[in-house]
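Colleague: Here is my input; please provide its structure:
(2 chains)
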There are 2 protein chains.
Amino acid sequence: MIRVATASHAYNVLFGHSFLREAFESLADITRTADRIFVLTDENVWKAQGDTFTAAFPLPFEVYVLPGGEACKSFDQYNACQTFLLQQRATRKSLIIAFGGGAVGDLSGFVAATFMRGIPFIQVPTTILAHDSAVGGKTAINHPLGKNMIGAFYQPQAVVYDIAFLKTLPEQEIRSGMTEVIKHALISDEAWLNELMSRSIYDYSDDELSHHLQKGTQVKANIVAEDETEQSVRKYLNLGHTYGHAIEAASGYGNLSHGESVMIGLIYCLLLSEQYGGVTREQTMSVYRYAQSQRYPFDAVAKFDFETLLSYMQKDKKAEYGELQFVLLSKIGEPYVQKVDVAQCQEVDVLLRQLIAEGSQ
Amino acid sequence: MIRVATASHAYNVLFGHSFLREAFESLADITRTADRIFVLTDENVWKAQGDTFTAAFPLPFEVYVLPGGEACKSFDQYNACQTFLLQQRATRKSLIIAFGGGAVGDLSGFVAATFMRGIPFIQVPTTILAHDSAVGGKTAINHPLGKNMIGAFYQPQAVVYDIAFLKTLPEQEIRSGMTEVIKHALISDEAWLNELMSRSIYDYSDDELSHHLQKGTQVKANIVAEDETEQSVRKYLNLGHTYGHAIEAASGYGNLSHGESVMIGLIYCLLLSEQYGGVTREQTMSVYRYAQSQRYPFDAVAKFDFETLLSYMQKDKKAEYGELQFVLLSKIGEPYVQKVDVAQCQEVDVLLRQLIAEGSQ
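Modeller: Numbers count the residues shown, from 1 in each chain, chains lettered A, B, ... in the order given. Got it, this is the predicted structure:
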């Protein structure tokens, strides 16, 4: 169990294997005060895991099934969830359970944050990626002009992380999720990074995976405890995300996964960190070669010119008017925030393209 | 100046006459950190007061003009504001100014609460009603299934209350706003209530009006300092609102004003308080006769049967599943929360209808 103590609210992240009933029985203090329970999930998760959930969940509930993937984070789906809750006569004392991956969690959290000005919710993540997104209270939906542009900081009452749900993950989802684990290692602990990269991400045992996810969650918990609303150190969690989000947005959401895009962004940030003397080419190459060996795709970069990516980076929430801000590493495990001018961004973009071109020969 | 110190954030409510420039100059600590300023307003306010605002406001800004009245609190307008901000390349450091009545403030606050997970905003209310709604951080939009059903608790950075804007208020708006002042007196101070009712609401001097509005704001500030998110004493501010919202909803938003509806709800709550021994018929009648003398309309009640109103009351955010909860008075100035069964609600509904029928003979 990991305790997440943010300024607004403290809660527990429970880890276990096939322990949904036990976990929710241990959360009776939270569920007991709920007059009704509403499970928000998506069609893929519900098809694959709905029976397991229903058999294990110890209380009556109503379920609302969203479309799969990033599609659920639309304005229309957000509105549809609110309508469902009102039609079901949900009240301020009703409890929402977000059962699914990062997209379901982001949407459900924002629904919970804003239904009647905020009702309690519990995250039940079903992906590796959601070990990251389910903790820390970032909730959001997408706007046609940008990802996660509308949302709130709103903490769950608890996170129930059952690694049994990870068994059915497709390969792309494993890659996507493991990027954030690797990111957590990059910003906190070189020895752990090396431990992670000593094995294939597809070969971890349940215990190893659980160990790495708990380590990642602890890194995140420490950071959000210090800075809930991203005024300072929480920015470190954005390592790789500025360039990564630009790649993801340019590709059209859903083509390249979030983590696959961020992996490209991580390599970009390592190259950029080299410019400031914090990281060696050898270190960059060891992460890049590991990513290649794990079948992370890098060919998307060549599809877009720098100007296109720049226009997306300038729309990033982390951007301030007229300048670009990156999280870099002064060494592995030590992140800091650096303003970078456009010329230098472009220089490193060229470097990245060269690296990829060489790598694919 | 009144200090509002909520758990999440403390800020000042500035009162003055034709002092917009001076007020914003005094808020330089807030405006200085803003990379851009976006004014959200509505067509009626902007037509009547836009020139005054533009002449007095000391900094460059962009303006977005919403439709007048409750219409701006729709999902579509909420979305349109977000789109406007993204198109304008607003960032996390941009500042929103809500310039208008309660509806503009509620919408703008919710936009600010959720744009990029929250950006700063300042309330510049232009109505008496907004002395209430601009303070305390309740923001919301409407859903076809209920008013204010989607929103957030999100405090402004400051409230600038320039009573010069009240000069052009139509009579219905004065009535609507003064209901909340009377409510603030009912839940806090019998002597002040009597002082208020000793004069016509249409005849207060600027100084008197400013005095009463500051008193009302202070009542609210004290309450939200103790209970920001309506877990306890903040419920007292809902005096008259359960029945009032039902009348307002049944009438269709925009026909009867918010405050006119709540005045009906206040009389209902006084009658209900009589049942529990907290208020005398004489006290109820003195408020009812004052309201009549001030041309508050009561004929809307006869248009709807109790079952219709009940169905709206059961959808109220304050309702819990299967029961009705009212704020009542144990005496004038002393509110408390009481669960009331439907039979008694109906009994008092009959009493109210009798009173109105007698009053209109």
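Colleague: which residues of the stretch 51-200 of chain A fall in helices?
Modeller: A:75-87, A:102-114, A:130-133, A:171-186, A:190-197 (DSSP state H, counting those that start in this stretch).
Colleague: Can you point out the buried residues in the second one?
Modeller: If I follow you right, that is helix A:102-114. A:102-114 (16 or more other Cβ atoms under 10 Å in any protein chain shown). C-betas here are computed from N, CA, C, even on glycine.
Colleague: got the angle for it vs helix A:171-186?
Modeller: 70 degrees (axes from the mean of the first three to the mean of the last three Cα atoms, to 10 degrees).
Colleague: okay, helix A:102-114 in CSV with CA atoms only?
Modeller: Output of helix A:102-114 as CSV, limited to C-alpha atoms (Å, rounded to 0.1, in the frame of the first residue of the first chain):
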residue,chain,number,x,y,z
GLY,A,102,-6.0,6.0,-18.3
ALA,A,103,-8.7,7.4,-20.6
VAL,A,104,-11.6,6.0,-18.5
GLY,A,105,-9.8,7.3,-15.4
ASP,A,106,-9.3,10.8,-16.7
LEU,A,107,-12.9,11.1,-17.9
SER,A,108,-14.4,9.5,-14.9
GLY,A,109,-12.3,11.7,-12.6
PHE,A,110,-13.5,14.8,-14.3
VAL,A,111,-17.1,13.7,-14.2
ALA,A,112,-16.7,13.0,-10.4
ALA,A,113,-14.9,16.4,-10.0
THR,A,114,-17.8,18.3,-11.6
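Colleague: Check the buried residues of helix A:102-114 one by one and keep those near chain B.
Modeller: A:F110, A:A113, A:T114 (Cβ under 8 Å from any Cβ of the partner chain).
Colleague: nearest residue to the second one other than its sequence neighbours?
Modeller: Leaving out its chain neighbours, the residue that sits closest to A:A113 by Cβ to Cβ, 6 or more residues apart in numbering or on different chains is A:Y154, at 3.5 Å.
Colleague: And the one you found, how close does it get to A:I96?
Modeller: 11 Å (Cβ to Cβ, to the nearest Å).
Colleague: The two - which one has more neighbours?
Modeller: A:I96 (28 against 20; other Cβ atoms under 10 Å in any protein chain shown).
Colleague: Show me how chain A divides into domains.
Modeller: Domains of chain A are assigned by automatic domain parsing as A:2-168, A:171-359.
Colleague: Near the residue of the stretch 101-250 of chain A found nearest chain B, how many other residues are there?
Modeller: Going by Cβ to the nearest Cβ, chain B is nearest to A:L145 of the stretch 101-250 of chain A, at 4.1 Å. Applying other Cβ under 10 Å, we find 14 residues neighbouring A:L145.
Colleague: which residues touch it?
Modeller: Neighbour list for A:L145: A:K315, B:T83, B:L86, B:Q87 [criterion: Cβ atoms under 8 Å, 6 or more residues apart in numbering or on different chains].
Colleague: Quick check: neighbours shared by A:Y154 and A:I96?
Modeller: A:A112.
Colleague: What parts of chain A come near chain B?
Modeller: Close to chain B, as judged by Cβ under 8 Å from any Cβ, chain A has residues A:8, A:35-36, A:75, A:79, A:82-83, A:86-87, A:89, A:91-93, A:110, A:113-118, A:138-140, A:143-146, A:149-153, A:229, A:314-315, A:317-321.
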